[in-house]
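Novice: prediction below, plus the sequence it came from.
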Amino acid sequence: MPLPDGFLQELKLRNDITEVASSYVNLKRRGRNMVGLCPFHGEKTPSFNIYTENGSFYCFGCGVGGDVITFIMKIENLDYIDAVKFLAQRAGLNMPEDSFDDSMSALRKRIYEANREAARFFYSQLYTPKGAKGLSYFRSRALAERTIRHFGLGYADPERYSLVNHLKSLGFKNNEIVQANLAYQNKNGNISDRFYDRVMFPIIDLRGNVIAFGGRILTDAKPKYLNTSDTPVFKKSANLFSLNNAKNTGSRTLILCEGYMDVIALNQAGFQNAVATLGTALTQEQALLMKRYADEVIICYDSDEAGQKATARAIGFLRNAGLLIRVINIPEGKDPDEFLRNKGEQGYNAFKNVIESSGNDIEYRIAKIKGSYNLESAEGRVSYLNEVVKILATLDNSIEQDVYISKISKELGVSPDAIKQQLNKANRKNYRDKRRSNFRDMQSKLNGRNDKINTERYKKPRVTTAEEGVIAFMIKNPDKLSLIQNSLDEERFQTDFNKKLYSYFSERIKNGDDILSSVSGDFTPDETAKIYQIVNSDFAKMANENTLKENINVINDEYLKLKTADASSASYDDIAERLKKLRENHQ
């Protein structure tokens, strides 16, 4: 059964969307609405809108939208019921008893519990004869007992059923253990441990739940690191190792590392603001997650070729997220863990000096290309300068550009005016490219090519727009349902998605239900975003009985055109009747 309408209305009333979203997004008032930089995609110009009138949001940049429940689902990576529970707890509301499908929420709860018990099991194994190898490894990396305990580090022994048998003894079912990705299931239905003969690193979310694990093999076998795959409680592209620790430091700076051991070593040395990705390259989702807790990110990747490529990729995502960036070059090409161990008691001060001497991402990129050219030759200087200009053209701040122009001018003995001239050419090219890209995007929006929800829009743009106009009017004026239904039959809708919406909202109005309260539970997140796009569109704002009549006429006209298209098989009387109706619609 769905959640009661009254409960959902009270939930939204007590969780004002502006107040909730302000915990994650810096909002500014624009007229009756609030705007800010979207937390779901990288952008420099605010396109994320909060509509205070109907308690919804919509981003015109990435197309994400919905109500306060949808917002929490998206930003906290929760399913519908868990997002409702999250908001209910925030507002001090009790969930209705046995009035909703709680199966996914119940599974998520069991996965959290299984992960917690697995973490306890792996930690306890460290201090048994079976785990001696794991404990020896951590001690060889100079980790103190308090550090091992703080991070809950552990060991999965070489036997293939140790964890499975332990979890089964606690009452966990096979499917729960498999869904947590703690075990594999063979064709016969038997399950065995996913992690074995590895030291274990629990991954903990921002609410303190163990959501996944990373495991490092202690032999030369492959893969060296094995990580939990995505599960109902874990998405590796949207989480960071040790962010649960870093967010509590009070610092608005994060140190981004490549591996778990680098983060742990930095924490032990006194840098609790270190985080790492989870076996993958940095994603835009992770960059946006960091933006919630930091203004600046210090990239601390290895200096080898793979590390340099990862740094270049990370710079793009972090800049898109609006973060300031610095890049560390650790002396002698060491990683943070090795550097700190070699420095011993002087580790903290030595690494602090490395941070303080680090440059920003522009300086890093310029230094990197500098090594590719012979600056003793005229050709090398020209090529180097052309590459530098391309980098400077990515900067939005003209003062920042001037600073680097002055610096490069002195370095190469080239006049600042000459560099500015080249930069202006690059800026104009970037502007033209951006305009062309924006024009293509606008064309796609107008012709419906990029509408992933109503895929029929592309072939039927005129009638689709009219259908959305009717739906927008209906949502805004539920008391006018009979007026709409007297002039428009559901079967005349030509796009399946809009026909579904017309039927759905008509039924809710007839039943006296709040028209929008259950949308986020009855539709997918993408469908919900589309509905709120319609609700908050310009034609929704202009909806009145005159525009309603025009839209109904369009729908009826297009419907009758379809019927008359098959005129070869229709009788003379049928054709005459259809033409008569067409004329009536335009009177």
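Specialist: Here it is on my side, so go on.
Novice: C-alpha from now on. contacts and neighbour counts both.
Specialist: Noted.
Novice: spatially central residue for this protein, please.
Specialist: By Cα atoms, centre = their mean, the chain has its centre lying nearest to Glu285, at 4.1 Å.
Novice: got a list of what the closest residue to that one other than its chain neighbours touches?
Specialist: Nearest in space to Glu285, with sequence neighbours left out and distances taken as Cα to Cα, 6 or more residues apart in numbering, is Ala238 at 5.4 Å. Taking Cα atoms under 8 Å, 6 or more residues apart in numbering as the criterion, Ala238 is in contact with 283, 285-286, 289.
Novice: so which of those is the closest to Arg457?
Specialist: Glu285 (29.5 Å; Cα to Cα).
Novice: any idea which element the closest one lies in?
Specialist: For Glu285, the host element (DSSP states H and E) is helix 284-291.
Novice: quick one: strands adjacent to the following helix or strand past that helix?
Specialist: Next along the chain after helix 284-291, taking DSSP H and E as the criterion, comes strand 296-300. Strand 296-300 sits in its sheet next to strand 253-257 (parallel), strand 324-327 (parallel), going by DSSP bridges.
Novice: wait, isn't the residue nearest to the centre of the chain in contact with Ile75?
Specialist: No. Counting by Cα atoms under 8 Å, Glu285 does not reach Ile75; the two are 10.0 Å apart.
Novice: which neighbours do those two share?
Specialist: With Cα under 8 Å, 6+ apart, Glu285 and Ile75 have common neighbours Phe40.
Novice: for Asp337, which of the strands paired with strand 296-300 is the nearest?
Specialist: Here strand 253-257 is closest among these (Cα to Cα), at 10.2 Å.
Novice: so that closest one versus helix 284-291, what angle?
Specialist: Note on geometry: by axes from the mean of the first three to the mean of the last three Cα atoms, to 10 degrees, strand 253-257 and helix 284-291 are set 150 degrees apart in direction.
Novice: what does strand 253-257 rub up against?
Specialist: Where contact means Cα under 8 Å, 6+ apart, the residues beyond strand 253-257 that reach it are 246, 263, 273-277, 290, 293-301.
Novice: also stretch 212-219?
Specialist: Here stretch 212-219 makes contact (Cα under 8 Å, 6+ apart) with 115, 195, 197-204, 223-228, 234, 278.
Novice: CA atoms only for it, dumped as CSV, please.
Specialist: Provided in CSV are the C-alpha atoms of stretch 212-219 (Å, rounded to 0.1, in the frame of the first residue of the first chain):
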residue,chain,number,x,y,z
ALA,A,212,31.3,-1.5,1.5
PHE,A,213,34.9,-2.9,1.8
GLY,A,214,38.2,-2.7,0.0
GLY,A,215,40.5,-5.7,0.3
ARG,A,216,44.2,-5.8,-0.5
ILE,A,217,45.9,-9.1,-1.3
LEU,A,218,49.2,-9.9,0.5
THR,A,219,50.6,-12.0,-2.3
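Novice: from the chain's centre, how far out does it sit?
Specialist: Centroid separation for stretch 212-219 versus its chain: 26 Å, with Cα atoms, centre = their mean, to the nearest Å.
Novice: okay, buried residues for it please.
Specialist: 212-217 (16 or more other Cα atoms under 10 Å).
Novice: where in the stretch 451-587 of the chain is pLDDT low?
Specialist: 564-587 (pLDDT under 70).
Novice: repeat for the chain
Specialist: For the chain (pLDDT under 70), the answer is 1, 98-101, 333, 437-450, 564-587.
Novice: Asn181 against Leu226, yeah?
Specialist: No. With contact defined as Cα under 8 Å, Asn181 does not count as touching Leu226 (11.5 Å).
Novice: out of the two, which sits in the busier spot?
Specialist: With neighbours defined as other Cα atoms under 10 Å, Asn181 and Leu226 compare such that Asn181 has more, 23 against 18.
Novice: if I pick that one, what's in contact with it?
Specialist: If a contact means Cα under 8 Å, 6+ apart, then Asn181 has 194, 228-229, 231 as its contacts.
Novice: just the buried ones from these, in ChimeraX syntax?
Specialist: Selection command for ChimeraX covering only the buried members of those, criterion 16+ other Cα under 10 Å:
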select :194,228,231
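Novice: closest one of the contacts of Asn181 to Arg30?
Specialist: Nearest to Arg30, judged by Cα to Cα, of the contacts of Asn181 is Thr231 at 39.3 Å.
Novice: from Asp16, how far off is the closest one?
Specialist: For Thr231, the distance to Asp16 equals 30 Å [Cα to Cα, to the nearest Å].
Novice: can you map out the strands along the stretch 351-500 of the chain?
Specialist: 359-360 (DSSP state E, counting those that start in this stretch).
Novice: what about the helices in the stretch 251-400 of the chain?
Specialist: Counting by DSSP state H, counting those that start in this stretch, the stretch 251-400 of the chain has helices at residues 260-269, 284-291, 305-320, 336-343, 347-356, 361-370, 378-392, 398-412.
Novice: show me what counts as buried in stretch 332-346.
Specialist: Neighbour-count burial for stretch 332-346, counted by 16+ other Cα under 10 Å, picks out 334-337, 339-341.
Novice: ok, the residues you listed vs Arg326, which is closest?
Specialist: Closest approach between those and Arg326, by Cα to Cα: Pro336, at 15.5 Å.
Novice: next, count neighbours for the residue lying closest to that closest one once chain neighbours are set aside.
Specialist: The shortest distance from Pro336 to any non-neighbouring residue, by Cα to Cα, 6+ apart, is to Asp262 (5.5 Å). Asp262: 23 surrounding residues under other Cα under 10 Å.
Novice: isn't Asp262 right up against Lys334?
Specialist: No. Look at Asp262 against Lys334 with Cα under 8 Å: they stay out of range, at 10.9 Å.
Novice: who touches both of the two?
Specialist: Joint contacts of Asp262 and Lys334 (Cα under 8 Å, 6+ apart) do not exist.
Novice: so who does Ser383 touch?
Specialist: So Ser383 contacts Tyr373 (Cα under 8 Å, 6+ apart).
Novice: one more: Val164?
Specialist: 177, 183, 191-193.
Novice: of the residues you listed - the most surrounded one?
Specialist: Of those, with other Cα under 10 Å as the count, Ile177 tops at 25 neighbours.
Novice: wait, that residue sits on Tyr112?
Specialist: No. The criterion here is Cα under 8 Å, and Ile177 misses it with Tyr112 at 10.5 Å.
Novice: re earlier: compare the helices of the stretch 251-400 of the chain and give me the one nearest Gly42.
Specialist: Going by Cα to Cα, the one of those nearest Gly42 is helix 305-320, 4.7 Å.
Novice: just checking, what packs against that closest one?
Specialist: When contacts are defined as 3 or more Cα pairs under 8 Å, 6 or more residues apart in numbering; DSSP states H and E, helix 305-320 sits against helix 284-291, strand 324-327.
Novice: among the contacts of stretch 212-219, name the buried ones.
Specialist: 115, 195, 197-204, 225-228, 234, 278.
Novice: now, those residues that are in strands?
Specialist: Using DSSP state E, the subset of the buried ones among the contacts of stretch 212-219 located in strands is 198-204, 225-227.
Novice: and which of the residues you listed is nearest Arg120?
Specialist: For those, the residue nearest Arg120 by Cα to Cα is Pro202; the value is 9.8 Å.
Novice: and the closest residue in space to the closest one that isn't next to it in sequence, helix, strand or coil?
Specialist: In space, and not counting its chain neighbours, Pro202 is closest to Phe213: 4.6 Å by Cα to Cα, 6+ apart. Following DSSP: H, G, I helix; E, B strand; the rest coil, Phe213 is assigned to strand.
Novice: kind regards, and thank you for your time.
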